[in-house]
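[1] got a predicted structure plus its sequence, pasted below:
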Amino acid sequence: MKKIYCDISATTPVNDKVIDFMTSIHQTTFGNPSSIHKYGQESHIVIEKARIEIATALNCHQEEIIFTGSGTEANNIALEGFIKPGDHIISTTYEHPSVMNVIKNLEQKGAKLTLIKPNKDGKINPKEIEDAIVKKTRLISVMYANNELGSINDIKTISEITQKREIVLHVDAVQYVGKLPLNLSELKIDLMSLSAHKFYGPKGIGALFIRKGINLNTILNGGGQELNLRPGTENIAGIGGMGLAISIAYKNIEKNILYVKKLEKLFIKELDRYKINYILHITDHLPGVIAIGFPGVDGQSLLISLDLKGVAVSFGSACSSGTAKASQILLDAGISEDLAKSTLRISFGKIHSESDVKYVAKQLSTTLERLQK
Ligand code: PLP
């Protein structure tokens, strides 16, 4: 049976060149980067090279990048390291749990929290952010692109607001980095989280951009690595792999965007050819990330039936006790409960071919026909 993985937003397979590079690091470069001898220095060089690669891809200074154990950890280090009791935080209702649960904890410890809902287009209105600012607002945290909808926020306008008001801006860019260009010299983002496994790098490695002049308190105690913000002996192969993966992603970014958009168009054309009844929720979205409703069809049953045919897609919200609940993110974006329950996230990337896309559309068509009967 043909197997097609269409869940690029959840994670990506690791690029072959990245696998080779990581294997060679595991085989040869095992010294502790903190050791003074040559073995240690060789590992240290791998880390600093990767730091330069990330800084080059994002147009920032290498000293502004620290490596973390994941995107989740980057979000925790940024938010918990900055907020004090009494501070006011503005964020959104549709942040990833690695932001949402941290700010909710901070609220319990005495911070004040205002959450803004997305509009029907899945975006946060910068004006609503501006209107929520009060004297004690110290940090605004808005994700660059949403993981369920694929919608992209206007971080440029939000960053102009935070700059004018001297408020720190944290951006969870885990879904965005590697899919679209990002220039940190042009955007006044102060803290930004990224994760390698979303751009064909390894899992369990992330990074946090910390703009010069922003001071974070340490939330992890240890041997002082990574500016003492993420102490612990470094994951050398993961870091090296992340550096190579981001270089590859940004070297070909324009070409990849065009290619993935072409696949997306073909997919929609195929859906129309099969006369499938669908609703596209978000028009302006990350390349390849399609939040799509199939009215009258149970999304979870559709996902399972497709999986049995080798096609892996995603359904908004994990089910508890066997009952699929409508995703709160979709509901907040103004999608009705019924439609939210029949919505899938199908995400294509550069690993797919035109025939893959046609196959997915065909399987969708036959599966929908069967389910509707
Ligand atoms: N933020 C967003 C928007 C995500 O989609 C994810 C992962 O899906 C994360 C953070 C967490 O990243 P990681 O899996 O590296 O912890």
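    Arrived safely.

[2] kindly export stretch 156-172 (C-alpha atoms) in CSV.
    Provided in CSV are the C-alpha atoms of stretch 156-172 (Å, rounded to 0.1, in the frame of the first residue of the first chain):
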residue,chain,number,x,y,z
LYS,A,156,5.5,43.4,11.7
THR,A,157,2.6,45.7,12.8
ILE,A,158,2.5,44.1,16.2
SER,A,159,6.3,44.7,16.6
GLU,A,160,5.9,48.3,15.6
ILE,A,161,3.3,48.7,18.4
THR,A,162,5.6,47.0,21.0
GLN,A,163,8.6,49.0,19.9
LYS,A,164,6.7,52.3,20.3
ARG,A,165,5.5,51.3,23.8
GLU,A,166,8.8,49.8,24.9
ILE,A,167,7.1,46.4,25.6
VAL,A,168,9.0,43.2,25.0
LEU,A,169,7.6,41.0,22.1
HIS,A,170,7.9,37.2,22.3
VAL,A,171,7.0,35.3,19.1
ASP,A,172,6.5,31.6,19.0
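
[3] quick one: mean pLDDT for stretch 347-367?
    Across stretch 347-367, pLDDT averages out at 97.

[4] the one residue sitting closest to the centre of the chain: what secondary structure?
    With distances taken as Cα atoms, centre = their mean, Gln175 lies nearest the centre of the chain, 2.1 Å away. Look at Gln175: counting by DSSP: H, G, I helix; E, B strand; the rest coil, its state is coil.

[5] interface residues of the stretch 201-350 of the chain facing the ligand?
    Gly206 (Cβ under 6 Å from any ligand atom). Backbone N, C-alpha and C define where each C-beta goes, glycine included.

[6] now do the strands in the stretch 201-350 of the chain.
    Secondary structure of the stretch 201-350 of the chain (DSSP state E, counting those that start in this stretch): strands located at 206-210, 279-280, 289-293, 311-312, 314-315, 343-347.

[7] contacting residues for the residue in the chain that the ligand sits nearest to?
    The chain approaches the ligand most closely through Gly71 (2.7 Å), counting by Cβ to the nearest ligand atom. By Cβ atoms under 8 Å, 6 or more residues apart in numbering, the residues touching Gly71 are His96, Ser98, Asp172, Val174, Ser193, Leu194, Ser195, Lys198, Gly206.

[8] give me the distance between Thr162 and Thr23.
    42 Å (Cβ to Cβ, to the nearest Å).

[9] repeat for Pro295
    Taken as Cβ to Cβ, the span from Pro295 to Thr23 is 47 Å.

[10] how about Pro181?
    In terms of Cβ to Cβ, Pro181 sits 30 Å off from Thr23.

[11] neighbours of Ala333, how many?
    Residues near Ala333, counting by other Cβ atoms under 10 Å, number 25.

[12] need the contact list for it.
    Tyr94, Pro118, Asn119, Lys120, Gly122, Leu149, Ser151, His281.

[13] ok, 7 Å please
    By Cβ atoms under 7 Å, 6 or more residues apart in numbering, Ala333 lies in contact with Pro118, Lys120, Gly122, Leu149.

[14] quick one: end-to-end length of stretch 118-126, please.
    For stretch 118-126, the first-to-last residue distance is 10 Å (Cα to Cα, to the nearest Å).
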